[in-house]
Every structure is written in structure tokens, then in C-alpha cells.
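# Just to be clear, the model below is a prediction. Sequence and coordinates:
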Amino acid sequence: EAGVAQSPRYKIIEKRQSVAFWCNPISGHATLYWYQQILGQGPKLLIQFQNNGVVDDSQLPKDRFSAERLKGVDSTLKIQPAKLEDSAVYLCASSLESIEAFFGQGTRLTVV
Amino acid sequence: KQEVTQIPAALSVPEGENLVLNCSFTDSAIYNLQWFRQDPGKGLTSLLLIQSSQREQTSGRLNASLDKSSGRSTLYIAASQPGDSATYLCAVSFNKFYFGSGTKLNVKP
């Protein structure tokens, strides 16, 4: 069984630029999560999808972050414009009925 | 709001020691508890899942217990090895997954 796929693995951008991350969840997993993990901290939920609908985006900075999950499968997370404090690892996870979470390798973003 | 705390934040032990990592949570209304391992620069690897009806799970040298009423879980690692060096995270689930900040483990040869 293929795991959660994320790309790119690394990204370096200048502040005020835009960036997009892509995630392909495990086949059949209806729930998809995007987490932000700042160095030395635990992952923080940004947004949760159930199929192609948003369940929770209360922690998503909506003035600069956006996410979509078209057709209930792949998802993209975008930041525009990026700030220095957005430097973090962005993790995508999927689950079947919120029982067990499976994570991708993450995208390490550095904003300079 | 669910708060998850992990103690200690960091731990350094000599190879061969048995050790215990602690995880506490404030709201006992959870579905499951999951322990993860994270190597530097990598994603999270699931180690053990304890469903709400269970009290413990074992995998090889790892044993995790769950006491929902007291809001606590422990991860026991037997006969630690240098390859166990990593950050260990616990997460409780109730529609979404809430994480602690992790315990950074260093096992010295």
C-alpha cells in the first residue's frame, strides 16, 4: 500500500513570495489534514478535509494561507505572501474515519 | 480545548537502559492515542495505536499504555539502542489529532 506522498521535500523562498505544497493521501482515506510543525514543537493542525469539504480551518491564517482538495483526493496548500515566521515543516496526513493517522515525509519551508 | 503534554522534553541514556516516556492530556473524551517517531528532517512514523477500548499495545521492544480516566499514556522502550535516537510524539484523537511537543531521545553507545 502506497503511503502519503508530498512534494516538494524542500523549498527556500524569499519573504513576500508565494509557495504551494502538494499532497496525495492514501487511497480510500476520506480525511486529509495539513499540519504545520515549527522547529522544536509538535505539529499544529492548519486544516482538515472530509472528502472535498472543510471540517476545520480555525487555525489557518486565512489572510495568507489557502488550501483546497478538489475531487476529494489530492490537496494543495498555498502561502501568499510568505513571512519569515512561516518557516516550518508542513506535514500532510490522511486517515480512515480519524482512527489512525498516516503522515507523509513533509515539506521543509525556509523563508529568507 | 485539548492540551497534550510530554515529559521529559529531552532524555539522554546509555545503550541498554529501559526507559519510559510520558504523555498527558486534559480531556479524557478521546477516540484513540497514537505514538509516533520522528527522525530529523523526516515525517512521522506511527509506532503504536491504542484504541479507546484498549489499555495497552505492544510492538517488539515497545509497549504503550493508556489510562483515559487519568489522562495519561506511557511509552516503555526496553533495552534501548542508538538506533532508537529520535523524537517521540504522542497524539490523541477526537475527530482530529492533537499533538504534544515530543520527547527528544538520545541513546549513547
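Thanks, I have the structure now.

# Would you confirm that A:F65 contacts A:P81?
No: checked against Cβ atoms under 8 Å, the pair A:F65 and A:P81 is beyond contact range at 10.7 Å. No exception for glycine: its C-beta is placed from N, CA and C like everyone else's.

# Who has more neighbours out of these two?
A:F65 (19 against 15; other Cβ atoms under 10 Å in any protein chain shown).

# Quick check: chain neighbours aside, which residue is closest to the more buried one?
Leaving aside its sequence neighbours, A:F65 sits nearest to A:I79 (Cβ to Cβ, 6 or more residues apart in numbering or on different chains; 5.6 Å).

# Within range of chain B, give me the residues from chain A.
A:4, A:6, A:33, A:35, A:40-45, A:48, A:55-56, A:91, A:93, A:95, A:98-106, A:108 (Cβ under 8 Å from any Cβ of the partner chain).

# if we go to 6 Å?
Listed as neighbours of chain B in chain A under the rule Cβ under 6 Å from any Cβ of the partner chain: A:41-43, A:45, A:48, A:98, A:100-101, A:103-106.

# Please pick the buried ones from those residues.
If you count burial by 16 or more other Cβ atoms under 10 Å in any protein chain shown, the buried members of the residues of chain A next to chain B come out as A:42-43, A:45, A:48, A:98, A:100-101, A:103-106.

# Could you identify the most distant pair in those?
Spatially, the most separated pair among those is A:S98 and A:Q105, at 21.6 Å (Cβ to Cβ).

# I'd say A:A101 and A:S94 touch.
No: here A:A101 does not reach A:S94: they are 7.5 Å apart, not a contact under Cβ atoms under 6 Å.

# hang on, the earlier thing: relative to chain B, how far out is the residue nearest to A:F65?
19 Å (Cβ to the nearest Cβ, to the nearest Å).

# what sits against that residue?
A:19, A:64-65, A:86 (Cβ atoms under 6 Å, 6 or more residues apart in numbering or on different chains).

# Over in chain B, which residue gets nearest chain A? Let me know.
Nearest residue of chain B to chain A, counting by Cβ to the nearest Cβ: B:F99, 3.6 Å away.

# No more questions from me, cheers.
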